[in-house]
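Chemist: build me a structure from this.
(chains A and B, ligands or ions: 2)
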Amino acid sequence: MAEIELRNIAKSYGDVEVLRDVNLTFDDGEFVVLVGPSGCGKSTLLRMIAGLESITGGEIAIGGAVVNDRPPRDRDIAMVFQSYALYPHMNVARNMGFSLEIRKEDKALIRERVALAARTLGLSDLLERLPKELSGGQRQRVAMGRAIVRDPEAFLFDEPLSNLDAALRVEMRIEIARLHQELQATMVYVTHDQVEALTLADRIVVMNRGRIEQVGTPLELYESPANLFVATFIGSPKMNVVDCTADERGVHLPGGGIFCPEAWSPDFRPARLGVRPEHIDLTAGGQGDCCGWAEVVERLGSDTFVYVNVDDWGGMVARQSGNAPINPGDRVGLHFDPAQARLFDNAGTALYASETNRA
Amino acid sequence: MERQVTAAAGRAAPGTPQRTSRGRRLTLLKVAAEPYLYLSPALILLSLVMFVPLVIGIGYAFQKLSLTDPFDRGWAGLDNFRTLAGDRHFWRALTNTLWWTMGSLFFQFFLGLGLALLLNRRFAGRRLVQALVFLPWAVPTFLSGLTWAWLFNPLIGPLPHWMAALGILSEPYNILADPDIAMWGPIAANVWFGIPFFAITLLAALQSIPKELYEAAAMDGATAWQMFTKITLSFLAPMIAITVLLRTIWIANFADLIFVMTGGGPANSTQIVASYIFTTAFRRLDFGYASAIAIVLLALLLAYALVLLSMRARLVRV
Ligand SMILES: Nc1ncnc2c1ncn2[C@@H]1O[C@H](COP(=O)(O)OP(=O)(O)O)[C@@H](O)[C@H]1O
Ligand SMILES: [Mg+2]
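Modeler: Numbers count the residues shown, from 1 in each chain, chains lettered A, B, ... in the order given. Ligands and ions are numbered 1, 2, ... in the order given. This next block holds a predicted model:
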């Protein structure tokens, strides 16, 4: 196991700059998730760590040694591909033992290691099958088995679950979490699914357009997003963001009220107010920080999502626990939680009073 | 449709058991015969163009049928085959066929494979080169045969001089005139002519190999050579088996180049079975004997095809 360090990593394809100024350290045994919208450069970064893409700027060090010019086979890193990339002409056992076969390891040792990994992943009965004779979930397991048989310095996962259906995805997510606890290995995991990121990660790296927006634990990102991008990317349904004006007393609400979040400072000049759906309380009638009309009500049993058209502001979503007594067409008042409302300046940077912890 | 309905209705009514079973048998017959009715035009056409000539040809082999002796006709039994067993020219032609086929195939295959691997890489002008590779195919056999014959002619062609300069020949002479090595002339022409076939088919197979398999292998620690043997060759194996099979049969029967370049000479040294059949049938006009040779060649090629196809069945797992 080893730590991985990225120093000023940049990547361009011709004139197109895909990554720039990436500085990151993955600690030994840490589970880090790279998350971001499609096309932001996550796979590219992962493949640069793997050695499958050349590095156009900066340095990558694994276990203290710079590996920029080392081919993949000298980096001792395993990778699980989105498409699994199983060898279709080899059975499961040979797929899993291929890295050892390549190293001309002893046949008995290969069989033993493969059997062990197969037991961990529940593949023992499938060792003789060809990949085409397996289900999607089983193929996914074989791909992971191929990685763990080697006992590498680090594991890389590129959207390993995105080809599975929803139920299987949850199951395999738990499997991966269990595997990490068992192996205590450094794992870098790429996904565009924030639920995977929040549930699996020790730390999350939020990327956007080839740059890192924020690095932090799942809770840090949820509670103290550094900017508007992170604030709206993490959390589901998305954080409500509305344009606002403010003076030294607080944010002007439609209807003339003033809203003053807990972390307010008189020299803030916020341009936007962000409140997560779960931090809005609804009351029937016209009383609250602001008012609007309930348009759509979704009842999920455990929660109720209410889509409110707020006067002069537009649509906002509020999440009420349980079965809230609100119906479409009702006049509702919205109460924002002052401790959880976030403010953003013109450039989208989050505003925090100096004593508040900022990641 | 109507009959099926009747049959179903009959089954429902227990009073008419006889009609039911006859109806069902008729329906079954109809169902069984139907596909063959649809296929019949193709089947009839195929048997007309393939089986009828084949059977007639096989029939000739057991007859005396020589146009130089038109009145001595009739059933010959195995006479033609007995003559064949003692025919020095036939055995010579069979050995030559082996050399011709294996020599051409060996170089066509390995040079074609090499070319396919090269063309599978990215480089500037790849499309143009890919198009040029087809060129030998676009040239009529007759023309390429003549061109190669000229190339080997020391009076007008450069090849003898180059070979002499390289020390392959003691002096620049026409190898097509030397019975010991004349066969290499048509083989060289055939290699040039046949490389595109292997290059193009193998290139298509190469391009169907998913790129990420190589990435997975790289992550698994494979060297370039290991990737080639454990992934590329495994994927190419079915294509290699089928192309080698097709090509062998085709080359063994391919006498055009030889005919144009050497006419089977000098002293029968480049006569192959196919050209021997041609000479026997159309020069000596002995159709019975020619058919007997053709049947032996057919049997040999069939045996070869069976061996290769069974090997392929074991190779192919994908
Ligand atoms: N081989 C390539 N040539 C040119 N551009 C590429 C290449 N590979 C990826 N890109 C570009 O790099 C960007 C990042 O791609 P990628 O890392 O695959 O994104 P992600 O995995 O985050 O969805 C994309 O805009 C993509 O178009
Ligand atoms: Mg990707």
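Chemist: when you work out contacts or count neighbours from here on, use the C-alpha atoms and nothing else.
Modeler: Noted.
Chemist: what sits against residue A:164?
Modeler: Residue A:164 makes contacts with A:136-137, as judged by Cα atoms under 8 Å, 6 or more residues apart in numbering or on different chains.
Chemist: need the per-residue pLDDT for it.
Modeler: Looking at residue A:164, its pLDDT reads 87.
Chemist: likewise for residue B:317?
Modeler: At residue B:317, pLDDT is 54.
Chemist: before we move on, what about residue A:4?
Modeler: 93.
Chemist: for it, phi and psi?
Modeler: In terms of degrees, to the nearest 10, the main-chain angles of residue A:4 are phi -120, psi 130.
Chemist: burial of it, as a residue count?
Modeler: By other Cα atoms under 10 Å in any protein chain shown, 24 other residues sit near residue A:4.
Chemist: mind listing the residues bridging to it?
Modeler: residue A:26, residue A:62 (DSSP bridges).
Chemist: surely it touches residue A:61?
Modeler: Yes. Counting by Cα atoms under 8 Å, residue A:4 does reach residue A:61; the two are 5.7 Å apart.
Chemist: determine the number of other residues adjacent to residue A:266.
Modeler: For residue A:266, using other Cα under 10 Å, the count is 12.
Chemist: could you check how far it is from ligand 1?
Modeler: 39 Å (Cα to the nearest ligand atom, to the nearest Å).
Chemist: which non-adjacent residue is nearest residue B:275?
Modeler: residue B:255 (5.4 Å; Cα to Cα, 6 or more residues apart in numbering or on different chains).
Chemist: OK, contacts around residue 271?
Modeler: Looking at chain A here, since you left the chain open. Residue A:271 neighbours (Cα under 8 Å, 6+ apart): A:243-246, A:343-346.
Chemist: let me rephrase: I mean chain B.
Modeler: By Cα under 8 Å, 6+ apart, the contact list for residue B:271 reads B:92-93, B:96-97, B:258, B:263-265.
Chemist: give me the buried subset of the residues you listed.
Modeler: For those, a burial check counting by 16 or more other Cα atoms under 10 Å in any protein chain shown picks out B:92-93, B:96-97, B:258, B:263-265.
Chemist: so of those residues, which ones are in helices?
Modeler: Among the buried ones among the contacts of residue B:271, DSSP state H puts B:92-93, B:96-97, B:258 in helices.
Chemist: nearest to residue B:177 among the residues you listed?
Modeler: residue B:258 (12.9 Å; Cα to Cα).
Chemist: the closest one - nearest residue in space that isn't next to it in sequence?
Modeler: Counting by Cα to Cα, 6+ apart, the residue nearest residue B:258 is residue B:186, at 5.7 Å.
Chemist: correct me if wrong: the one you found contacts residue B:261.
Modeler: Yes. The pair residue B:186 and residue B:261 passes the contact test of Cα under 8 Å, sitting 6.7 Å apart.
Chemist: thinking again about what came up before, nearest to residue A:144, of the contacts of residue B:271?
Modeler: The closest of the contacts of residue B:271, once distances to residue A:144 are taken by Cα to Cα, is residue B:97, at 53.5 Å.
Chemist: next SSE after the longest helix seen in chain A?
Modeler: Identified as the longest helix of chain A according to DSSP H is helix A:166-183. Next helix or strand after helix A:166-183 toward the C-terminus (DSSP states H and E): strand A:186-191.
Chemist: buried stuff in that following strand?
Modeler: Residues A:186-191 are the ones in strand A:186-191 that count as buried (16+ other Cα under 10 Å).
Chemist: tell me what angle that strand forms with helix A:166-183.
Modeler: 160 degrees (axes from the mean of the first three to the mean of the last three Cα atoms, to 10 degrees).
Chemist: just checking, what packs against strand A:186-191?
Modeler: Judged by 3 or more Cα pairs under 8 Å, 6 or more residues apart in numbering or on different chains; DSSP states H and E, the packing partners of strand A:186-191 are strand A:31-35, helix A:42-50, strand A:154-158.
Chemist: picking that back up, include distance to chain B and pLDDT when you put the contacts of residue A:271 into TSV, please.
Modeler: Output for those, formatted as TSV (distance: Cα to the nearest Cα, whole Å; pLDDT from 0 to 100):
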residue	distance to chain B	pLDDT
A:243	46	89
A:244	49	89
A:245	52	88
A:246	54	88
A:343	45	92
A:344	43	94
A:345	44	92
A:346	44	90
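Chemist: reformat those as CSV; add neighbour count.
Modeler: Output for the contacts of residue A:271, formatted as CSV (neighbours: other Cα atoms under 10 Å in any protein chain shown):
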residue, neighbour count
A:243, 12
A:244, 18
A:245, 14
A:246, 19
A:343, 27
A:344, 24
A:345, 16
A:346, 11
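Chemist: show me what from chain A comes close to chain B.
Modeler: A:50, A:52, A:72-74, A:76-79, A:81, A:85-89, A:98-99, A:102-103 (Cα under 8 Å from any Cα of the partner chain).
Chemist: so which of the residues you listed are in helices?
Modeler: Secondary structure defined by DSSP H assigns A:50, A:98-99, A:102 of the residues of chain A next to chain B to helices.
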